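> Provide a 3D model corresponding to the input given below.
(2 chains)
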Amino acid sequence: GQSLEQPSEVTAVEGAIVQINCTYQTSGFYGLSWYQQHDGGAPTFLSYNALDGLEETGRFSSFLSRSDSYGYLLLQELQMKDSASYFCAVNPQGGKLIFGQGTELSVKP
Amino acid sequence: GAVVSQHPSWVICKSGTSVKIECRSLDFQATTMFWYRQFPKQSLMLMATSNEGSKATYEQGVEKDKFLINHASLTLSTLTVTSAHPEDSSFYICSARDPGRGADTQYFGPGTRLTVL
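From the prediction side, this is the model:
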């Protein structure tokens, strides 16, 4: 089977740093992606890791450890607009994505 | 960035009717598109992989006779929900890979909210 585990919800205050973890168990693995989804909207791509290490894109960074089947998304300098659901997703083969259950991030003033 | 559109954005229909949802890649050619379904407060569930010029590949548990997929061109895939019932009410989202931007980046359409009465 294929499964991805991530926390269901996280709360933080504006300006803080938040880390959302994701562990996965899949039959194949080409990379770990992160997507953001606001209520009622479609997912938007945030980052992708195919190799071990940290990828930084502005306030967002993503990390992958293939040996540990683990990754995380790091959000810095949190803003109210960052309140959304965040999904990790694995590409097990052929470009398709298997999504985790999502982490609902609430940013408080 | 790459743009994927969906039409309609929302649809309400009576039980037993069929509904067609279109997914278009606007500024790139997509040999592969994906269809997802998402229930409220839940994750995206992959339904099928749509391949241009060939049959779609359905995920386990998805009825291919109920969810008809046609990928007639490099920029258009359609999902038809046949004989829709209230339990089919959901948010349907398509995505497409842009081969020119890396194999593992998918661009999502804005979604179609289907309500079956």
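
> what does chain A have sitting close to chain B?
By C-beta under 8 Å from any C-beta of the partner chain, the residues of chain A that approach chain B are A:30-31, A:33, A:35, A:41-45, A:48, A:50, A:87, A:91, A:94-102. Where C-beta positions appear, they are placed from N, C-alpha and C, glycine not excepted.

> and the least confident helix or strand in chain B by mean pLDDT, which strands flank it?
The helix or strand of chain B with the poorest confidence is strand B:106-108; it has a mean of 87 (mean pLDDT, DSSP states H and E). Its sheet considered, strand B:106-108 pairs with strand B:90-97 (antiparallel) by DSSP bridges.

> average pLDDT across the partner strand?
In this model, strand B:90-97 carries a mean pLDDT of 94.

> now swap in stretch A:11-29 and tell me
pLDDT averaged over stretch A:11-29 gives 94.

> what's the end-to-end length of it?
This stretch, stretch A:11-29, spans 30 Å end to end (C-alpha to C-alpha, to the nearest Å).

> same deal with stretch B:35-44?
Separation of the first and last residues of stretch B:35-44 by C-alpha to C-alpha is 10 Å.

> circling back to that earlier point, what does the least confident helix or strand of chain B contact?
A:33, A:35, A:42-45, A:95, A:97, B:1-4, B:25, B:34, B:93-98 (C-beta atoms under 8 Å, 6 or more residues apart in numbering or on different chains).

> fine by me, thanks again.
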